[in-house]
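>>> Sharing a model prediction with you, sequence too.
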Amino acid sequence: MAESQGVGEEPRAGEGAESLRNWQNFIERCLTTRLDNESFERFVPIHHAKYPLPPRALAELFLRPQKNNHDVLDPRIPQYMQILLAHHYIDALSILLAMYKYSTSHKQIHDVTGADENDEAGGGVGEQQTQQPLRWGNSYATEEHIFYRLTRSVSHGTGIHDSWDALRIARIMAKWMELFTATAGAFAADMVNQQMQTTEERDRVERERRKQLPRVDEMESARAGFVMLLLGVCESKPVLSALGKPYAKTARKELSDALGNFVPTIMQSAEQISQRLVHFRTETLAAFEPVDKAKAAANADMDDFLDSTMGLDSLVVPEIPISNTRAGLYIYLNSLLVGRPRMDDAAIFNYLHNRYQGDLQQTAVDLILVSFDVVANAASVRQSPKAAHVLRSYLTNKVPLLLASLAASGSGLYPFNAAACVEHATRQVSSATFPNMSDYISSRSGNTLTEGTREDFLFACCLHGLIPETQIEPILNETCYNSLPTEGRLVKESLVQECLADPERAVQLVKDIEKCNGNVGAICVALTEVLGQLCTMRETMTLKTLCGQLARDPVYLDVMLLFNKLSAIIYPLCDLLDNWKHDEDQGEAQPFYEEFGSMLLLLLALVNRYNLTAADLGARSPDSFVAKLIGKGRLFRPLDELSPEENGHLDKWIHGLFDSDAGGLGDELMSSCPPQEFYLLIPTLFYNIVLAVSTGSLSEDSLRCGVEYLVDTFLLPSLVPAVTYLSNHLWLDNHPPEQKAIIKILQLILQPSSISSEASTVLSSVLSIVAKPLDQALRAYQRRDPRNQEIEPLLRILKEHVPLSRRTGAAENSELEAWTSTPNGGLSQAVRNTIKGFIAWGLQPAGTESTPTAYTHRQLLAATRILGAKQTVRLILDELKEQVQAGNQSVAYDVCCAIICAPNVATDDIDPSSQVNLLDATAQAHGPQQRPMSLRQALRAAAEDWKRIHKDDPVAFEIVVRLHRRVEAQLAVSVSAAAAAAAEAVLQGDGGNMLDDAMAAAGVVDGDAAAAMALDAATVGLDMGGGGGGAGDLGLGGSTANSVGGLDLNDQDVFGGLGPLNGWDDMDLA
């Protein structure tokens, strides 16, 4: 098929002048008599049969200007043409050719620019090519109408008949694009010319042109109709098929060149259509061209060069306003508290500073409101008050300290009125969700997690000087039943000295950890420092008491980590346990074992509750006791793998426990076997016990006597690795005799016939550590042997300990089943539904009382682990794109950004300052522990693939780059020199004076007057993350009772941020 012909063809001479003349007369008569459409449709087939004409000629007769009317096309003409089109007497090509030839745009260009016209589409009917055809005065309204009609015809598949027709339409569309491009330029030039004229000339010319020329908005309306037709043609299957043919090279070139000039003129008015046309030109048309290998190689080299020189920061992406929603901060705070509390205060302040850009007032209000939301969410899902106590403690003990630190950082640049913020936020907290104490006393039927919480929070704020006590009752609008602590605001330094002088004081302080009076922060930091100093001084007797108290209740550990980094607690313990030695002059070995066991019990409680690894514990050698116990302490070793010394120790322990003639557990046995060796032998010891019981080699009486030794106080901590090994062994379903033996052993451990009160307390601590894995193992065994009546009593004993056994952020089986059974997508759809819920919450009008979206961050952690970080980010981006297209981008970006920014206890990198390399026996260093990809890393990888995304989906390109930039901006470290200096001053004990000075300057008033406390004594903003670790990040120190919280971590705090967890031990996917 040749393509050398013009866009259209003239009627051939053989068609006859008579037909033309008769059709002209017919048209004039129809217009003169205003013939209705029904009559025209009856007459036109008869007339066409008698006087046939080709579509091109017939279309020109109807669309060309008449000598007596060349201003505006008669409104009857489009209606008549619709009938002709339905009868196939004319077609889309003939209409486009005729409209193009007589369009007003030609006249507009000529009158404005003075350029001569060259009608490339061919001359008119009965006219010579050299003559300039008569143009319409204003054809834009008719063109707009016909363009939309043709768009419908093309979309229905009736406007384009074959490949030849498709190519000719493509070429005339190119002509139209050139015409509209030139017309737009003519209108722009006309405006420039008018600006250069005097006022009188401009007015005169404008009056004349209004009589003759159309307005630019009329042209743009016609162009809008043409754009829709152009998009339909470019995406039409017949056109695409024709353009892909080898002989369509000329049409492709004309179309591509025209698009290159036309698209920029419509970018502002039709952005999305412009992107689709650009994609058609750069991708679709380009793909039809034969591959030029040399050119392709050159283009590839240029692309590589651009990729290497043009980074993400260089890309131009329009900025859009993004809200700071409560939902976003709610997600972030939930992630800090979902597993092991990760209260890295430097990171928190850094995030808040970047999020709120130094607006301390809004930071404080949102922090208070969202912290109440977190507690309300826990209450709504009926979490166990014991398990959820850490959230209440966070609200009443941690948040006031954070607010006090904000108050100390207020300045003229960053003003902060603490009292106003606390009052404004607390008044917005729902009294229905958080009832006052009087409501609790009268009803006694509410949730203890929320009752009286507002009152406790306000008194804690008062304790730290944020509001006066006289302001509390007006806020609550009732008489208070609470009061400030009688001991006042506690000071860390004083507490440390008291504990070192009197060990009983430390015991009392441990019990006070459960309080919600605002003093718990000072208590926890003081106890951590006492623990560290006792480990350094090796005061093992005092350590035994303190560690035993802390290990007694898992809630203590959770609250301790609200104010301390984990490293500050475990590093001293690990160092002491690794280097523990028994001197002969220390007397009996049993107290020595008891002291060691008490400290090890605390370490095991931390390790198992938060599922820590040897790397998390800072183990520097795989041969250290702690590294061996954590890494292999659950596995038995065959006898041939034991050293002769270890075999000897094992033999002595077996005889000491079960051989009545051996004299029991004497001092000689424990003196000869260091406690480290004993605890590493526990799995092997119990393997042999199970084997002996299952084969009948060990009688029930001997077994009972041996277990009674182990249930004694000084050996009770050994039951942690023992029960852990038994739980793992119980999962095996091919050793029934051994499993029955394990059940007998567990009965003796969990139901001892006689036990002292002190031993019973330690046993309860042991059960809290092992309850979760043991419960799962027993239930699995019960499913295999449902008639076994010995399992249920054991499960009842464990029931109260299971909820407190683990806090790793892992999902429960029931949660996984619910999420994975979500219709239309399972877990992926569940995550998207959660995002939708957050966005709906964020779209609620400000100031309205709203219930926080039910949420557990375990869902996102589960999705990241099961689906992978990349797939999770992909579904987040898909949901974000859908919300952006729905017009919710302001809230949607904040929600998705918070999800990406939220810390992940399973994947976050270990802080470089505390990262260690494990050393083997040959002193060869192994690399740092590798963590799975985080959502932030996955988003960065997606953004770095911007070139491919931009080609495939420009909208998605903007979304991923914009989200990546916001995430990086909110997580960027922003510590100024002034902030670092202020933090250092606080660490030296001046932080309390900062707040006191601010309080004095604020002029706190009493009575019923409102307090106006403008706390602006410090000289820096919110970015307080420069120095210190643990609670020192808050800058809460001081040597007087007036210091901010009485907290101070001095230079001894060298542990800089322990790495995250791998905790998924309690996720049962079976």
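Alright, I've got the coordinates.
>>> any idea how far A942 lies from G328?
Counting by C-beta to C-beta, to the nearest Å, the gap from A942 to G328 is 20 Å. From N, CA and C alone the C-beta is placed, and that goes for glycine too.
>>> hmm, I was thinking of E271
Distance, E271 to G328, by C-beta to C-beta: 28 Å.
>>> Please identify which of these two sits among more neighbours.
For E271 versus G328, neighbours defined as other C-beta atoms under 10 Å are more numerous around G328 (27 against 11).
>>> Just confirm that one contacts C897, I think it does.
Yes: when contacts are counted by C-beta atoms under 8 Å, G328 is listed as touching C897 (6.8 Å).
>>> what's the span of stretch 776-792, first residue to last?
For stretch 776-792, the first-to-last residue distance is 12 Å (C-alpha to C-alpha, to the nearest Å).
>>> average pLDDT for that stretch?
Averaging pLDDT along stretch 776-792 gives 92.
>>> And for stretch 546-556?
Averaged across stretch 546-556, pLDDT comes to 94.
>>> Tell me which residues are up against that stretch.
Applying C-beta atoms under 8 Å, 6 or more residues apart in numbering, the contact partners of stretch 546-556 are 386-387, 389-390, 503, 506-507, 510-511, 513-514, 527, 530-531, 534, 557, 560, 573, 598-599, 601-602, 605, 609, 761-762, 764-765, 768, 804-805, 807.
>>> Quick one: buried ones out of those residues?
Neighbour counting with 16 or more other C-beta atoms under 10 Å marks 387, 389-390, 503, 506, 510, 513, 527, 530-531, 534, 557, 560, 573, 598-599, 601-602, 605, 609, 761-762, 765, 768, 804-805, 807 as buried within the contacts of stretch 546-556.
>>> now the strands for this structure?
When assigned using DSSP state E, the chain turns out to have no strands.
>>> Show me how the record splits it into domains.
Recorded structural domains for the chain (assignment: automatic domain parsing) are 13-290, 358-484+973-1054, 492-610, 639-798, 813-969.
>>> Would you pull up how far stretch 44-53 lies from the middle of the chain?
The chain centre lies 70 Å from the centre of stretch 44-53; the measure is C-alpha atoms, centre = their mean, to the nearest Å.
>>> Which parts of it count as buried, going by neighbours?
Buried residues in stretch 44-53 (16+ other C-beta under 10 Å): 44, 47-48, 51, 53.
>>> which among the residues you listed gets closest to H950?
Nearest to H950 among the buried residues of stretch 44-53 is L53, at 50.0 Å by C-beta to C-beta.
>>> Please determine how far that closest one is located from E28.
16 Å.
>>> how close does the closest residue in space to M670 that isn't next to it in sequence get to Q79?
Among residues not flanking M670 along the chain, A589 sits closest, at 3.7 Å (C-beta to C-beta, 6 or more residues apart in numbering). Using C-beta to C-beta, A589 is found at 110 Å from Q79.
>>> Same drill for these two, tell me which one is more crowded.
More crowded of A589 and Q79, by other C-beta under 10 Å: A589, with 22 against 13.
>>> so who does L635 touch?
Contacts of L635 by C-beta under 8 Å, 6+ apart are 683, 725.
>>> One more pass at 10 Å, please.
By C-beta atoms under 10 Å, 6 or more residues apart in numbering, the contact list for L635 reads 683-684, 687, 721, 725, 728.
>>> Tell me which residue is most central in this structure.
Nearest to the geometric centre of the chain sits I899, at 1.5 Å (C-alpha atoms, centre = their mean).
>>> Can you give me the pLDDT of that residue?
Per-residue pLDDT puts I899 at 97.
>>> rewinding a little: quick one, what contacts the residue nearest to M670?
For A589, the contact set (C-beta under 10 Å, 6+ apart) comprises 582, 665-675, 714.
>>> My read is that G328 contacts V895, right?
Yes: checked against C-beta atoms under 10 Å, the pair G328 and V895 is within contact range at 5.8 Å.
>>> and for these two, which residues touch both?
In terms of C-beta under 10 Å, 6+ apart, G328 and V895 are both contacted by the residues 838, 842.
>>> pLDDT on the longest helix anywhere in the chain, on average?
The longest helix of the chain (DSSP state H) is helix 163-196. Helix 163-196 carries an average pLDDT of 82.
>>> And for stretch 394-413?
89.
>>> measure it end to end?
Separation of the first and last residues of stretch 394-413 by C-alpha to C-alpha is 29 Å.
>>> shared neighbours of G328 and C897, which are they?
With C-beta under 10 Å, 6+ apart as the test, G328 and C897 both reach 322, 355, 970.
>>> top of those by neighbour count?
Within the shared contacts of G328 and C897, most neighbours by other C-beta under 10 Å means R355, with 23 neighbours.
>>> which non-adjacent residue is nearest that residue?
Spatial nearest neighbour of R355, excluding adjacent residues (C-beta to C-beta, 6+ apart): Q970 at 5.6 Å.
>>> distance of the one you found from L963?
Counting by C-beta to C-beta, the gap from Q970 to L963 is 11 Å.
>>> cool, and E882?
14 Å.
>>> Mutual contacts of the two, please.
With C-beta under 10 Å, 6+ apart, E882 and L963 have common neighbours A892.
>>> Could you check which of the two is surrounded by more residues?
Neighbour count, other C-beta under 10 Å: between E882 and L963, L963 has more, with 23 against 14.
>>> what sits against that one?
Here L963 is in contact with 322, 873, 876-877, 880, 892-893, 896-897, 900, 939, 942-943 (criterion: C-beta under 10 Å, 6+ apart).
>>> Please produce a markdown table containing those residues, extended by distance to G159.
Converted to a markdown table, those look like this (distance: C-beta to C-beta, whole Å):
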| residue | distance to G159 |
| --- | --- |
| I322 | 44 |
| V873 | 43 |
| I876 | 42 |
| L877 | 38 |
| L880 | 38 |
| A892 | 39 |
| Y893 | 42 |
| C896 | 43 |
| C897 | 46 |
| I900 | 47 |
| L939 | 45 |
| A942 | 41 |
| A943 | 42 |
